[in-house]
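Peer 1: whatever this is, show me its structure:
(2 chains)
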Amino acid sequence: MRYMMLVYTKEKESGLTSEQAEELKAAHRAVIEEATRKGVLQGAEPLGPTANATTVRVQNGKSLITDGPFAETKEQLAGYYILDCKNLDEAIEWAEKIPTACRGGEGCIEVRPLPGMPARSGTEAIAGHAATLNG
Amino acid sequence: MADIRSTADSVFRQESGRIIASLIRVSGSFDRAEEAMQEAFASALASWPEKGVPANPGAWITATAHHKLIDAIRKEQTRRDKQDSLLYETETAGMSSEPDFQEASMHFPDDRLRLIFTCCHPALNPEAQLALTLRTLGGLSTPEIAKAFLVPEPTLAQRLVRAKRKIQEARIPYEVPPPNRLPERLGAVQAVIYLIFNEGYAATSGTELVRNDLCAEAIRLGRVLCEQLPQEGENVGLLALMLLQDSRRNARVMNGELVTLEEQDRSLWDQAAISEGVTLVERALRLGPVGPYQLQAAIAALHVQAKNSAETDWHQIAALYEKLLEVSPSPVIALNHAVAVAMSAGIEDGLKQIDNLGHTGALDQYYLFHAARADLLRRLNRCSEAAAAYERAASLATNGIEADFLKRRLRQMEAPQSKQ
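Peer 2: Below you'll find the model as predicted:
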């Protein structure tokens, strides 16, 4: 089962000192290397700061574009890992290894299973919408 | 027929946890396992009246349920696509195309143990852990659990559905955690069992104080945990604690009124439970390391071993509470310690500790804080202060029988001359 590890962090104005940043990078690299070695890693990437986020919402065919992230929360999404694990306990073990102080303050990891796109019925649904929209 | 029904019911109570645990291991699905077990019980009710109750009804139902499960899986396998993303595979028995249903696979000794760890997994919320444990291991029906915890049936049913779905879709494992995880995970299991017991011992609301069914269920689960992990001192401590508390059940309520420990008729205490509990406490303390359940059990043992309330070894109890405060400090334990000090060193000393605790404000909403304070003031004949504290306690108590008791005390304080 693939799990997405959403890395939530507390963004701080001051950010990290270059020393802390190096330490953090090394910690992430260590997880990535271990996960690669064990054949678990499916993907991992940092996200830019929420200051650079743009939210796009399409309503009644009109698009509303706003500055900033979708939700104002105490902790912000800073990156993700996708890991292929035997079960939730194994995923939790990995989550415990992932550093969360990516933008200054310590945060947490949200572990979400990735069920995958339902193969046939999914395409049918898309085709159905296309028919509705295109007449 | 009535006899057969009751035989089936008692087999269900005794064995359903064990049966469902093995069915879940084999099928990897809670729903499938439940279905197979229900069908097996239905078959029993249909065939036993004619053919007679088998020599070993539990084994009969287990075997039948396993056959129902194979049938269901075979039917489904011929129907469904090769790939079935709905099933999560268990370690020992994934869904191979031809599952192995030999006798041996029906009773893995640790099936119930795995199941209890799955049901009490920290990734499930506490209410769901409780409901799922009672439903699967306890064999209680959804309406029974809903009634016990005073939640509407649809709410509880929904809770169970969500929990089972999460177990499957997030793949919460069906296995005993590895040794490095065992202490924290075992703590969650013990907490769920003790929560079930406490809800039975002092129902948070309603007009019944004690719900013996829940107490009995918690004790049964505590026994399962002890059978499976007998070297864990806290497992033994927990079982001892529950047995010793439960030994006083017949003396705690008389004619619908609460009777305090001091005033209970000790001849009504269950001596068998006491002697088992005391033996277990001794074993638990030897096993160590000493944790909160062992200490609370030791305290309970001292209470029930006293021939009368005057002979209670309050010094020893106070010492144990002090130790308990070291192991798991909490305002409620500090309150109990203060009461033990009052009863051993002197009421004024205890009251002083209680009042210090009161200044922190942590227990202001806790009715037993005010009740304990009121009781000490009563013993000091400070009637008007005692009355005020009883009044506050009664206003905070949610259980009808407990509130009645406090109001009765309150009336005695307001009219001290009428007391005897």
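Peer 1: my read: residue B:243 touches residue B:219, true?
Peer 2: Yes - using C-beta atoms under 8 Å, residue B:243 is in contact with residue B:219, at 6.5 Å. For glycine as for every other residue, the C-beta is placed from the backbone atoms N, C-alpha and C.
Peer 1: for the closest residue to residue B:345 other than its chain neighbours, give me its contacts.
Peer 2: Of all residues not flanking residue B:345 in the chain, residue B:318 sits nearest, at 7.3 Å (C-beta to C-beta, 6 or more residues apart in numbering or on different chains). Residues near residue B:318 by C-beta atoms under 8 Å, 6 or more residues apart in numbering or on different chains: B:337, B:340, B:341, B:343, B:344, B:345.
Peer 1: residue B:41 now?
Peer 2: Taking C-beta under 8 Å, 6+ apart, one finds B:8, B:12, B:61 in contact with residue B:41.
Peer 1: show the pLDDT at the residue lying closest to the first one once chain neighbours are set aside.
Peer 2: Using C-beta to C-beta, 6+ apart and skipping residues adjacent in sequence, the residue nearest residue B:8 is residue B:44, 5.3 Å away. Predicted confidence (pLDDT) at residue B:44: the value is 92.
Peer 1: with residue B:411 instead?
Peer 2: pLDDT at residue B:411 comes out at 92.
Peer 1: how many neighbours does it have?
Peer 2: 13 (other C-beta atoms under 10 Å in any protein chain shown).
Peer 1: so what's it up against?
Peer 2: Contacts of residue B:411 (C-beta under 8 Å, 6+ apart): none.
Peer 1: give me the element it is part of.
Peer 2: Counting by DSSP states H and E, the element that carries residue B:411 is helix B:400-414.
Peer 1: one step back: residue B:154: which of the contacts of residue B:41 is nearest?
Peer 2: Lowest distance from residue B:154 to those (C-beta to C-beta) belongs to residue B:12, with 23.9 Å.
Peer 1: out of the contacts of residue B:41, list just those in helices.
Peer 2: Within the contacts of residue B:41, residues falling in helices by DSSP state H are B:8, B:12, B:61.
Peer 1: could I get those residues in a markdown table, plus columns for pLDDT?
Peer 2: Formatted as a markdown table, the ones in helices among the contacts of residue B:41 follow (pLDDT from 0 to 100):
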| residue | pLDDT |
| --- | --- |
| B:8 | 84 |
| B:12 | 83 |
| B:61 | 92 |
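Peer 1: among the residues you listed, which ones are buried?
Peer 2: B:8, B:12, B:61 (16 or more other C-beta atoms under 10 Å in any protein chain shown).
Peer 1: check which element follows the lowest-mean-pLDDT helix or strand in chain B along the chain.
Peer 2: Lowest on mean pLDDT, DSSP states H and E among the helices and strands of chain B sits helix B:103-106, with a mean of 50. Downstream of helix B:103-106, the first helix or strand assigned by DSSP H and E is helix B:111-119.
Peer 1: and that next one, what other elements does it pack with?
Peer 2: Helices and strands touching helix B:111-119, by 3 or more C-beta pairs under 8 Å, 6 or more residues apart in numbering or on different chains; DSSP states H and E, are helix B:2-27, helix B:182-201, helix B:212-228.
Peer 1: point out where the chain drops to low pLDDT.
Peer 2: Just going to use chain A. Residue ranges of chain A with pLDDT under 70: A:120-135.
Peer 1: right idea, wrong chain: chain B
Peer 2: In the predicted model, chain B carries pLDDT under 70 at residues B:1, B:80-110, B:203-210, B:416-420.
Peer 1: run through the residues of it sitting next to chain A.
Peer 2: B:85, B:88, B:121, B:123, B:169, B:170, B:171, B:172, B:173, B:177, B:181 (C-beta under 8 Å from any C-beta of the partner chain).
Peer 1: let's see 7 Å
Peer 2: B:123, B:169, B:170, B:171, B:172, B:173 (C-beta under 7 Å from any C-beta of the partner chain).
Peer 1: could you dump whichever helix or strand residue B:298 is part of to PDB, C-alpha only?
Peer 2: Per DSSP H and E, residue B:298 falls inside helix B:292-305. Provided in PDB are the C-alpha atoms of helix B:292-305 (Å, rounded to 0.1, in the frame of the first residue of the first chain):
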ATOM      1  CA  PRO B 292      -0.400   2.200  38.000                       C
ATOM      2  CA  TYR B 293      -2.700  -0.800  37.700                       C
ATOM      3  CA  GLN B 294      -0.600  -2.900  40.000                       C
ATOM      4  CA  LEU B 295      -0.500  -0.200  42.600                       C
ATOM      5  CA  GLN B 296      -4.200   0.500  42.400                       C
ATOM      6  CA  ALA B 297      -4.800  -3.200  42.700                       C
ATOM      7  CA  ALA B 298      -2.700  -3.400  45.800                       C
ATOM      8  CA  ILE B 299      -4.700  -0.500  47.300                       C
ATOM      9  CA  ALA B 300      -8.000  -2.300  46.400                       C
ATOM     10  CA  ALA B 301      -6.600  -5.500  48.000                       C
ATOM     11  CA  LEU B 302      -5.900  -3.600  51.300                       C
ATOM     12  CA  HIS B 303      -9.500  -2.300  51.300                       C
ATOM     13  CA  VAL B 304     -11.100  -5.700  50.800                       C
ATOM     14  CA  GLN B 305      -8.900  -7.600  53.100                       C
END
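Peer 1: buried stuff in the next helix or strand after that helix?
Peer 2: Downstream of helix B:292-305, the first helix or strand assigned by DSSP H and E is helix B:314-327. Residues B:314, B:317, B:318, B:320, B:321, B:323, B:324 are the ones in helix B:314-327 that count as buried (16+ other C-beta under 10 Å).
Peer 1: now the helices for chain A?
Peer 2: Counting by DSSP H, chain A has helices at residues A:18-37, A:88-97, A:119-134.
Peer 1: residues contacting the most centrally placed residue in chain A?
Peer 2: Here the mean C-alpha position of chain A is nearest to the C-alpha of residue A:80 (C-alpha atoms, centre = their mean), at a distance of 3.5 Å. Neighbour list for residue A:80: A:4, A:5, A:6, A:7, A:44, A:45 [criterion: C-beta atoms under 7 Å, 6 or more residues apart in numbering or on different chains].
Peer 1: neighbours of the first one, how many?
Peer 2: This means residue A:4. 17.
Peer 1: flag every residue of chain A that's near chain B.
Peer 2: Within chain A, the positions near chain B by C-beta under 7 Å from any C-beta are A:1, A:87, A:88, A:89, A:113, A:115.
Peer 1: go with 10 Å
Peer 2: A:1, A:3, A:85-93, A:111-113, A:115-116, A:118-120 (C-beta under 10 Å from any C-beta of the partner chain).
Peer 1: done for today, thanks.
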